[in-house]
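> Sequence and predicted structure are below.
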Amino acid sequence: MKKYLKQFSYYLKVERGYTTNTILSYNSDCRSYVNYLENTHKIIIPAEIDRKHIQMFLKNEKRKYSKSSTISRKISSIKTFHKFLFLEKLTETNEAKGIKTPRKEKKLPIVLSVEEVALILDSFAKKTPVNIRNKTMLEILYATGIRISELVNLNLEDLHLNENFIHIFGKGNKERIVPINDYAIKVLTNYITEVRPKLNKGNFKEALFLNYQGNRISRQSFWKFLKEYVAKLGITKEISPHKLRHSFATHLLENGIDLRYLQELLGHSDISSTQIYTHVSTKHLTEKYLKYHPRAKEK
């Protein structure tokens, strides 16, 4: 059974256009599934799998994982794997077809205040090459709302600073144009001209953000820096690069941007993903109410 996992990876990348992270997650889920089939049920070929085997595996997984989002992903992985097996004619029927995915818990995202974002962006004391690079990356994250994976994969050719936009390749290799403000352009231009040449060891001529070894910086190393940096600032909220994306979206909505425009900026294929940001602070809601209700003002 394991020999089909390599073919499945190719299918996910070429046929479905999934990102590297999604492929790794799906592969991990399906490897556990295949191990279960072989060890528990002695199944060595796909044609021997029937629906009860899938249901028994998922029942075991639900005992181990409490988050509905984790179970949802595992079901999605297995359903995609069985679709692949069926398309490749390795099974006569798609045994996973019709298996329902549990509804995901919709949690409101943790959002930084405008003041907290300003503290994070403006607190770099030493102007070392690495500090300037990190500040630039944070500025771009908050200025554009792009994902950290999209940020670290930016190349110099993706920048169109004279036209105030950058070219993003998002999930599933979907392309979009994201505007960028003049201040962020100023910070980015300074990094490119003054700092990037010092980091560049000739290994990555196209990569925008480099580590001290001259290679493309990874998501993990940037997240580690951010976690340590924010702790020193005394911010107690759990911070990640994605929290800046949440903050970007929420702050734009609070200032009146149309939800459809925000959907385009964030690269959401479904507006339901964007609607989670329609929550606003009580203070902001109260201010809007007092401003617009005809009987709210004292005469």
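Nice, I can see it.
> can you map out the helices along the protein?
Counting by DSSP state H, the chain has these helices, from start to end: 3-10, 20-41, 51-64, 68-87, 114-121, 129-144, 148-152, 182-190, 196-199, 219-233, 241-254, 259-266, 271-274, 282-292.
> In terms of mean pLDDT, which of these ranks lowest?
Out of the helices of the chain, helix 282-292 stands lowest, with a mean of 66 (criterion: mean pLDDT).
> mind listing what Lys227 touches?
239-240 (Cβ atoms under 8 Å, 6 or more residues apart in numbering). Yep, even glycine has a C-beta here, placed from its N, CA and C like the rest.
> again, only this time at 7 Å
Lys227 is in contact with Ile239, counting by Cβ atoms under 7 Å, 6 or more residues apart in numbering.
> Now the residue sitting nearest the centre point of the chain: closest residue in space, sequence neighbours ignored.
Taking Cα atoms, centre = their mean, the centroid of the chain lies closest to Arg147, which sits 5.0 Å from it. Distances taken as Cβ to Cβ, 6 or more residues apart in numbering place Arg245 nearest to Arg147, at 6.5 Å, with adjacent residues excluded.
> Settle this for me: that neighbour is touching Thr144, isn't it.
No: the criterion here is Cβ atoms under 7 Å, and Arg245 misses it with Thr144 at 9.0 Å.
> what's the spacing between Asn94 and Lys198?
Here Asn94 is placed at a distance of 55 Å from Lys198 (Cβ to Cβ, to the nearest Å).
> now do Glu139
Glu139 is 19 Å from Lys198, where distance means Cβ to Cβ.
> more neighbours, the two?
Neighbours per residue (other Cβ atoms under 10 Å) separate Glu139 from Lys198, with Glu139 holding more: 21 against 15.
> Near the residue nearest to Arg147, how many other residues are there?
Arg245: 22 neighbours (other Cβ under 10 Å).
> what sits against it?
Taking Cβ under 7 Å, 6+ apart as the test, what Arg245 contacts is 141, 145, 147.
> Which residues are in contact with the second one?
Taking Cβ under 7 Å, 6+ apart, we find Gly145 in contact with 245, 248-249, 265-266.
> So of those residues, which two are at opposite extremes in space?
Arg245 and Leu265 (10.1 Å; Cβ to Cβ).
> quick one on the thing from earlier: ok, so of the contacts of Arg245, who is nearest Met56?
Closest to Met56 out of those is Arg147 (35.9 Å), distances taken as Cβ to Cβ.
> Confirm for me that Ala143 is in contact with Asn181.
Yes: with contact defined as Cβ under 7 Å, Ala143 and Asn181 form a contacting pair (5.5 Å).
> Pick out whichever of those two has more residues nearby.
Ala143 (22 against 11).
> check contacts around that one.
Per Cβ under 7 Å, 6+ apart, neighbours of Ala143: 180-181, 184.
> May I see those residues organised as JSON lines, with distance to Asn164 added?
Output for the contacts of Ala143, formatted as JSON lines (distance: Cβ to Cβ, whole Å):
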{"residue": "Ile180", "distance to Asn164": "6"}
{"residue": "Asn181", "distance to Asn164": "7"}
{"residue": "Ala184", "distance to Asn164": "9"}
